[in-house]
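Student: With the input below, show me the fold.
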Amino acid sequence: MSAASTATRDPQVDEVRQHKVMFDNTWTLATVLATALAVLCWYFRLAQVNIGPVICALAGLAVAQLGINSFTGRAGSKATLQHLALLSQLTGTLWLGVAWHLLGGLQQPLFPLFAILPLVPAALVLSFWQEQMALLGLLVLLASGVALSPDTNSFIEERYGIGIVSHYVLPGWIPRSHTAFSDVSTSPAYDLVLVATVGIVGIAVSTTARALVALCRRATGRVSALEGNLAQLLQQNAQLVTRAPTAEVLVSSATGSIVAASERFARTFEVADAPGRFLLDTVAFAYPAVIRRLMTTGGEEIQAATLHGRELVLRVRAEIVGSGASQTTALSMETCDEICWRGALDALEEPVFVVNSRGVIVFLNRSAARTLGSAAVGIAAADLFDTGGAWWDIAPLESARRLLDRGEHRYLASVRRERVAESIGELSIVHLRERESVTPRV
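Tutor: Sure, this is the predicted structure:
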């Protein structure tokens, strides 16, 4: 098949063609079952019939089906495939009817069930009226069993006065059903009830198959709509991750492979084509086991990482998204180098605190908390000492010293101006050393 013809193929036609192949396979199965029944009856001498004509009829059925099925691959429209399926059903019913009469007719009342079997996949291919025509062919087959059975005809004519077999309706040169079991005698009434039962079963099977196909098609339509919505949501989710303002990645919780990554992540870690890569191979974390745990449980951790030979401190936040095999983890990574300088200041024995550009105390080390009180965090630095004024603002100097009074205590404050990050204003880091006590005024 050429590339042009492949590009213009109709998905609906391909679907019907697949269903037609299923229908053809069912007819093949029905033919095999009918042949097996005939051979078993002959081999175990269960039926007193000549097996040759029966096998020839079934072989003719197989050849006819093979000839019709050869056009399935070349059919270019749904209507053509439906016509081929209907022709296959009617042809199969005709040839199967011939084999049925050769094998005993009404003495083999369940033989027409082989013609009912293909009606189940036929509901996937045939239209409503075509399926009714196929069902009508089955009913004609059953009626032929009654018409070609002399005993049943005599019963109907005697009981109801209806002569089915006559020179005008059914010429005498048409052969009647063979006698398969000479030592078995069933009443014509029983044969009629059995034939009617098989007909009702055929109608029930056809109607049920039609209803199930309609239900499945509605469900398929809903699933297709949901798949479209899911694809759209996945695309939007990938765009949200890509446009995230932080270094964020969406990874598979089970494998750790990157599903999507933000542009900030690609710039920060200099990673091109991040999707598909293994996160722990992309970012050199100091403790990869901690990151693996975050992928499966979620949470938040502070992690050290190496980027181009430089040590970074990252705050990693993990959120679990979805469940089961499709579960993913959204990892957000932010640099938090302030953790390092906060830890360093907290380790000093002398009181140290930090004032932001608005004059508010934002950090106290342990010694400063004991000296000034832990409640000092968040208050104005001007209210902390009796000196007043913006004593912490030493710009344009980088460092300076101030004498600060707090009650009866006097401190020598060493103030250093620092910029921790571009997004944070300048911070004033204050080291306190207590001086002589202040003499109370009278």
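Student: For A261, the count of nearby residues, please.
Tutor: Per other CB atoms under 10 Å, the neighbour tally for A261 reads 26. Backbone N, C-alpha and C define where each C-beta goes, glycine included.
Student: gap between it and S144?
Tutor: For A261, the distance to S144 equals 72 Å [CB to CB, to the nearest Å].
Student: Rounded mean pLDDT for stretch 72-84, please.
Tutor: The average of the pLDDT scores along stretch 72-84 is 90.
Student: What is the end-to-end distance of that stretch?
Tutor: 7 Å (CA to CA, to the nearest Å).
Student: ok, now stretch 296-314?
Tutor: 19 Å.
Student: Report the buried residues of that stretch.
Tutor: G298, Q303, A305, L312, V313, L314 (16 or more other CB atoms under 10 Å).
Student: So in the chain, which strand runs the longest?
Tutor: With DSSP state E setting the assignment, residue counts place strand 310-321 as the longest strand in the chain.
Student: partner strands of that one, parallel or antiparallel?
Tutor: In the sheet, strand 310-321 lines up against strand 299-307 (antiparallel), strand 328-335 (antiparallel) (DSSP bridges).
Student: ok, now how distant is the closest residue to G299 other than its chain neighbours from L234?
Tutor: Closest residue in space to G299, ignoring its immediate chain neighbours: A318 at 5.8 Å, by CB to CB, 6 or more residues apart in numbering. Counting by CB to CB, the gap between A318 and L234 amounts to 20 Å.
Student: Looking at those two now, which is surrounded by more residues?
Tutor: A318 (21 against 12).
Student: of all the buried residues of stretch 296-314, which comes closest to A380?
Tutor: Nearest to A380 among the buried residues of stretch 296-314: V313, at 29.8 Å, using CB to CB.
Student: The closest one and R342 touch, don't they?
Tutor: No. If you go by CB atoms under 8 Å, V313 and R342 don't touch, sitting 10.5 Å apart.
Student: okay, now the domains of the chain?
Tutor: Using automatic domain parsing, the domain ranges for the chain come out as 10-221, 243-336, 344-434.
Student: Also compute the angle for the lengthiest helix in the chain relative to strand 310-321, please.
Tutor: With secondary structure taken from DSSP state H, the chain has its longest helix at helix 188-242. Put simply, helix 188-242 runs at 150 degrees to strand 310-321, going by axes from the mean of the first three to the mean of the last three CA atoms, to 10 degrees.
Student: Next secondary structure element downstream of helix 188-242?
Tutor: Tracing the chain past helix 188-242, the next element assigned as helix or strand by DSSP states H and E is strand 247-252.
Student: In the protein, where is pLDDT below threshold?
Tutor: The chain contains residues with pLDDT under 70 at 1-9, 150, 152-175, 184, 337-341, 420-425, 436-442.
Student: Spatially nearest residue to Y287 (excluding sequence neighbours)?
Tutor: Nearest to Y287 is Q303, by CB to CB, 6+ apart, at 6.5 Å.
Student: Tell me if I'm right that that neighbour and I291 touch.
Tutor: Yes. Counting by CB under 8 Å, Q303 does reach I291; the two are 6.9 Å apart.
Student: shared neighbours, these two?
Tutor: F285, V316 (CB atoms under 8 Å, 6 or more residues apart in numbering).
Student: can you pull the contacts of the closest residue to E334 other than its chain neighbours?
Tutor: Excluding the flanking residues, the one nearest E334 by CB to CB, 6+ apart is R315, at 4.9 Å. Each residue near R315 by CB under 8 Å, 6+ apart is listed here: E300, E301, I302, Q303, M333, E334, T335, C336, I339.
Student: Convert the C-alpha atoms of the helix or strand hosting V362 to PDB, please.
Tutor: If you go by DSSP H and E, V362 is part of strand 361-364. The C-alpha coordinates for strand 361-364 follow below in PDB (Å, rounded to 0.1, in the frame of the first residue of the first chain):
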ATOM      1  CA  ILE A 361      14.300  42.400  63.000                       C
ATOM      2  CA  VAL A 362      14.100  39.200  61.000                       C
ATOM      3  CA  PHE A 363      16.500  36.800  62.800                       C
ATOM      4  CA  LEU A 364      18.000  36.300  66.200                       C
END
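Student: Of all the residues in that strand, which ones are buried?
Tutor: Of the residues in strand 361-364, those buried (16+ other CB under 10 Å) are I361, F363, L364.
Student: Columns distance to A36 on top of those residues, output as JSON lines?
Tutor: JSON lines is the format used below for the buried residues of strand 361-364 (distance: CB to CB, whole Å):
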{"residue": "I361", "distance to A36": "94"}
{"residue": "F363", "distance to A36": "89"}
{"residue": "L364", "distance to A36": "92"}
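Student: how about the strands in the chain?
Tutor: 247-252, 258-261, 284-285, 299-307, 310-321, 328-335, 352-355, 361-364, 399-406, 409-418, 427-434.
Student: Sheet partners, orientation included, of the shortest one?
Tutor: Right, strand 284-285. strand 299-307 (antiparallel).
Student: Identify all contacting residues around the strand it pairs with.
Tutor: Here strand 299-307 has contacts from 268-269, 283-287, 290-291, 293-294, 311-318, 336, 339, using CB under 8 Å, 6+ apart.
Student: same thing with stretch 24-44?
Tutor: 46-47, 49, 51, 54-55, 58, 61-62, 65, 69, 72, 88-89, 92, 96, 99, 103, 111, 114-115, 117-118, 120-121, 180.
Student: how about A180, what does it touch?
Tutor: A180 neighbours (CB under 8 Å, 6+ apart): C41, A47, Q48, V49, L103, G104, G105, Q107, Q108.
Student: The last one against W100, yeah?
Tutor: Yes. Q108 lies in contact with W100 (CB under 8 Å); the separation is 6.3 Å.
Student: out of those two, which sits in the more crowded spot?
Tutor: Taking other CB under 10 Å, Q108 and W100 do not tie; W100 has more neighbours (30 against 24).
Student: roughly how far apart are that one and F114?
Tutor: W100 is 9 Å from F114, by CB to CB.
Student: what's the answer for E263, then?
Tutor: For E263, the distance to F114 - CB to CB - is 65 Å.
Student: Same check on G388?
Tutor: G388 is 106 Å from F114, by CB to CB.
Student: Neighbour count: the two, which is higher?
Tutor: The residue with more neighbours, out of G388 and F114, is F114; 22 against 10, by other CB under 10 Å.
Student: Now the more buried one. Nearest residue, chain neighbours left out?
Tutor: A30 (4.3 Å).
Student: got it, and V201?
Tutor: I116 is the one closest to V201 (CB to CB, 6+ apart), at 6.6 Å.
Student: What's the local residue count around that neighbour?
Tutor: Neighbours around I116, by other CB under 10 Å: 22.
Student: got it, and the one 10 residues further on?
Tutor: A count of neighbours around L126, defined by other CB under 10 Å, yields 26.
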